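Chemist: Fold the following and give me the result.
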Amino acid sequence: MQRAIKYLAYTLFTAVILTSCGNNTSLQSYYVDNQEAKNFISQDLPLSMIEIDKSNFTEAQIEAYESVDKLNFLGYKSSETDTDAYKAEIAKVKTILSDSKYNDLMEFSDKGNKISVKYIGDDEAADEVIVFGSAKDMGFGIVRILGDDMNPEKMVTLINALQNANVEEGQIEDIMNFFK
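Modeler: Numbering: from 1, shown residues only. Model (predicted):
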């Protein structure tokens with residue numbers, strides 16, 4: 001009888017371990033798996049290295065800006081010859097971002113470019129903000145915004161302000177040249 005109980009306990013323990021180790025790919029592992037792959041570019045940017053004109057920022061935008069520590073960028077460059085690979089990679093990213101841990105923040109389209117912003121955390125503080133943009137003729141890019149006490153609502157205002165801010169192109173030249 002003791003042997004049967006031990007066997008049952010080991011079986012139950014093994015089943016719990018195997019089911020808890022999900023096979024879902026995280027965004028972090030997707031970055032690691034593709035940072036040096038063909039058609040990908042990866043860059044980590046401490047926010048302190050990017051000079052942005054904050055003179056027109058509101059107090060909330062400045063607070064949101066100062067809560068950000070660094071940006072992790074991963075880009076995929078598509079071409080006319082690899083549309084199947086592009087579709088497969090974009091499907092992987094969309095599957096990862098469809099996980100329930102990612103909360104929708106905002107989404108918009110402009111001239112065929114699609115951008116969605118999601119976050120991990122709650123309404124008061126985001127642990128991570130993800131900006132995912134794609135354009136069929138160029139490819140896609142994912143920016144992981146990492147920081148402390150990032151407020152999702154204030155991050156939306158910051159993203160809107162950054163669209164109109166003066167960012168010296170020399171600072172992101174490698175990324176821009178990759179997509180040309």
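
Chemist: got the buried residues for the helix or strand hosting Val156?
Modeler: Assessed by DSSP states H and E, Val156 sits inside helix 152-164. For helix 152-164, burial by neighbour count (16 or more other C-beta atoms under 10 Å) applies to Pro152, Lys154, Met155, Val156, Thr157, Leu158, Ile159, Ala161, Leu162. Just so you know, the C-beta spots here come from the backbone N, C-alpha and C atoms, and that holds for glycine as well.

Chemist: and the helix or strand that contains Ser29, what other elements does it pack with?
Modeler: Secondary-structure element containing Ser29, defined by DSSP H and E: helix 27-34. Contacts defined by 3 or more C-beta pairs under 8 Å, 6 or more residues apart in numbering; DSSP states H and E place helix 27-34 against strand 40-46, strand 68-77, helix 83-97, strand 139-150.

Chemist: Redo the ones you listed as JSON lines? Include distance to Asn103 and mean pLDDT.
Modeler: What follows is the helices and strands packed on helix 27-34, written out as JSON lines (distance: least, C-beta to C-beta, whole Å; pLDDT from 0 to 100):
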{"stretch": "strand 40-46", "distance to Asn103": "24", "mean pLDDT": "85"}
{"stretch": "strand 68-77", "distance to Asn103": "18", "mean pLDDT": "89"}
{"stretch": "helix 83-97", "distance to Asn103": "11", "mean pLDDT": "92"}
{"stretch": "strand 139-150", "distance to Asn103": "12", "mean pLDDT": "89"}
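
Chemist: For the nearest residue to Gly121 once chain neighbours are set aside, the count of nearby residues, please.
Modeler: Of all residues not flanking Gly121 in the chain, Asp127 sits nearest, at 4.5 Å (C-beta to C-beta, 6 or more residues apart in numbering). Around Asp127 sit 14 other residues, with neighbours defined as other C-beta atoms under 10 Å.

Chemist: for Asp127, what are its contacts?
Modeler: Neighbour list for Asp127: Tyr119, Ile120, Gly121, Met150 [criterion: C-beta atoms under 8 Å, 6 or more residues apart in numbering].
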